[in-house]
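A.B. asks: please find the sequence and the predicted model below.
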Amino acid sequence: MAGGVVCNQMAGADGPKAGRMPIEGFYIYSVADLGLASEFDFFFSSAAATVGGAPDVLTLSDDDPDFEDEGSGAATQLLDVALSVDGSAVAAAGDVVQNVGQSVLTNLTSGETGLLVLVQINGAVVGFASTIALDIGDALDLGPWLGSPKTIPYGDLTTVPACFARGTRILTAQGELPVERLKAGDRVITKDHGAQELVWIGARKALGAGRLAPVRFCTGAMGNGRALTVSPMHRMLVSGWKAELLFGETEVLMPAIELVNGDTIFQAAVPEVEYFHLLFARHEIIFAEGCPSESLNPLKEAVGRFGHEAQAEILSLFPELANRRWAEARVPVLATETALWRSF
């Protein structure tokens with residue numbers, strides 16, 4: 001590739017596709033996954049439920065960032081690939097996907113409250129999407145039914161915290177080491193505070209399809225010495241005249257997904273990806289494959305996306321997380337500002 005940029009896609013990865021609407025994706029829970037008799041159990045009164053099954057993933061193309069109730073006439077929310085739920089095929093690629101209403105959802109196990117979104121394809125309800133993390137065994141309270149507004153940002157339906165894919169080399173006091181070999185107590189080199197002790201490391205496997213597909217930085221795309229793979233919302237340190245002109249800062253943190261250019265930086269779809277999360281006593285800028293990017297910032301909202309065991313472990317280390325927002329290592333670029341960045 002020209003300019004000294006080298007990139008080999010991961011096995012099974014899909015490279016950038018021209019001429020297509022953006023691909024979105026989210027978990028979908030069936031009626032059986034939530035232990036309900038039918039999708040109407042909580043329409044007229046609250047219902048108790050227990051998560052009893054793992055979700056499937058729904059991927060669709062759309063021309064805007066919101067999951068809405070679209071009619072078939074001018075529909076743009078179209079299944080990207082055929083959908084199976086609980087092992088049974090329920091819809092084909094190209095079928096129209098609709099948001100037909102929302103209910104209040106309370107996870108009694110974690111204490112989180114969010115929304116449960118009713119998903120319909122071809123006039124039939126196929127399952128539910130959630131704005132909060134659900135684990136098997138969680139006790140839920142469903143309702144009241146809200147109905148409208150039948151629109152919700154895709155970004156609210158699922159979140160993968162800032163993390164590095166297996167194999168990523170992190171700069172430590174002992175040199176570059178694969179992230180999966182790190183352990184609590186290791187000293188990692190930070191941009192602002194020298195060698196800092198790693199307080200906690202977590203690992204999780206996640207879906208790698210659609211909007212959840214990891215972002216791949218080809219060698220040299222951002223000064224990285226090797227190809228680098230991170231979660232879509234993992235924020236990279238961006239500097240230079242654009243940052244100063246647009247945001248009045250010499251350095252800012254930008255989500256990896258917003259840096260995708262379809263060439264040297266792209267989403268590489270895989271069935272599953274294993275991520276590692278690195279937590280320090282403060283939010284830090286560390287070096288992955290030589291590229292500066294963030295460590296996990298343990299905001300209460302981010303911690304809530306982990307499983308309950310990981311949440312309990314982090315909160316035991318940092319009990320103040322329940323009532324404290326940690327300072328950002330750099331000014332973050334807001335979602336509303338990324339379009340301005342891309343326009344230059």
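C.D. replies: Good, I have the coordinates.
A.B. asks: just the mean pLDDT for stretch 187-195, thanks.
C.D. replies: Mean pLDDT, computed over stretch 187-195, is 97.
A.B. asks: next, the distance between the ends of stretch 107-123.
C.D. replies: With C-alpha to C-alpha, to the nearest Å as the measure, stretch 107-123 spans 28 Å from end to end.
A.B. asks: in it, which residues are buried?
C.D. replies: Residues of stretch 107-123 classed as buried by neighbour count (16 or more other C-beta atoms under 10 Å): 107, 110, 112, 114-121. For every residue, glycine as well, the C-beta is placed using N, CA and C.
A.B. asks: identify the farthest-apart pair in those residues.
C.D. replies: Ser110 and Ile121 (29.0 Å; C-beta to C-beta).
A.B. asks: closest to Asp66 out of the buried residues of stretch 107-123?
C.D. replies: Distance to Asp66, by C-beta to C-beta, is smallest for Val117 among the buried residues of stretch 107-123, at 11.6 Å.
A.B. asks: the helix or strand hosting that closest one - contacts with which helices or strands?
C.D. replies: Assigned by DSSP states H and E, Val117 belongs to strand 113-121. Using 3 or more C-beta pairs under 8 Å, 6 or more residues apart in numbering; DSSP states H and E, the elements in contact with strand 113-121 are strand 97-107, strand 124-130.
A.B. asks: nearest to Asp33, of the ones you listed?
C.D. replies: Across the helices and strands packed on strand 113-121, closest to Asp33 is strand 124-130 (C-beta to C-beta), at 7.5 Å.
A.B. asks: how far is that closest one from where the chain is centred?
C.D. replies: Relative to its parent chain, strand 124-130 has a centroid offset of 20 Å by C-alpha atoms, centre = their mean, to the nearest Å.
A.B. asks: please apply the same query to stretch 171-190.
C.D. replies: 24 Å.
A.B. asks: same question for stretch 231-250.
C.D. replies: Relative to its parent chain, stretch 231-250 has a centroid offset of 20 Å by C-alpha atoms, centre = their mean.
A.B. asks: buried residues, it. List them.
C.D. replies: Per 16+ other C-beta under 10 Å, stretch 231-250 contains these buried residues: 231-238, 243, 247.
A.B. asks: picking that back up, what's the angle between the strand holding Val117 and strand 97-107?
C.D. replies: Put simply, strand 113-121 runs at 150 degrees to strand 97-107, going by axes from the mean of the first three to the mean of the last three C-alpha atoms, to 10 degrees.
A.B. asks: residues making contact with strand 113-121?
C.D. replies: Residues outside strand 113-121 that contact it (C-beta atoms under 8 Å, 6 or more residues apart in numbering) are 28, 39, 58, 67, 79, 83, 90-91, 95-107, 125-132, 142, 146, 152, 156-157.
A.B. asks: just the buried ones from those residues?
C.D. replies: Buried, going by 16+ other C-beta under 10 Å: 28, 39, 58, 67, 79, 83, 90-91, 95-99, 101-107, 125-132, 142, 152, 156-157, out of these.
A.B. asks: follow-up on the earlier one: ok, the buried residues of stretch 107-123 vs Ser316, which is closest?
C.D. replies: For the buried residues of stretch 107-123, the nearest to Ser316 is Ser110 (15.5 Å; C-beta to C-beta).
A.B. asks: check which helix or strand covers that closest one.
C.D. replies: Going by DSSP H and E, Ser110 is not in any helix or strand.
A.B. asks: please save the CA atoms from stretch 284-294 in CSV.
C.D. replies: As requested, the backbone C-alpha atoms of stretch 284-294 are provided in CSV (Å, rounded to 0.1, in the frame of the first residue of the first chain):
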residue,chain,number,x,y,z
GLU,A,284,-4.1,7.3,31.4
ILE,A,285,-2.7,7.6,27.9
ILE,A,286,-0.8,4.4,27.1
PHE,A,287,1.0,3.1,24.0
ALA,A,288,-0.4,0.2,22.0
GLU,A,289,1.7,-0.9,19.1
GLY,A,290,3.5,2.5,19.6
CYS,A,291,0.2,4.4,19.2
PRO,A,292,-1.1,6.6,22.1
SER,A,293,-4.6,5.7,23.2
GLU,A,294,-6.7,5.6,26.4
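A.B. asks: alright, I will stop here.
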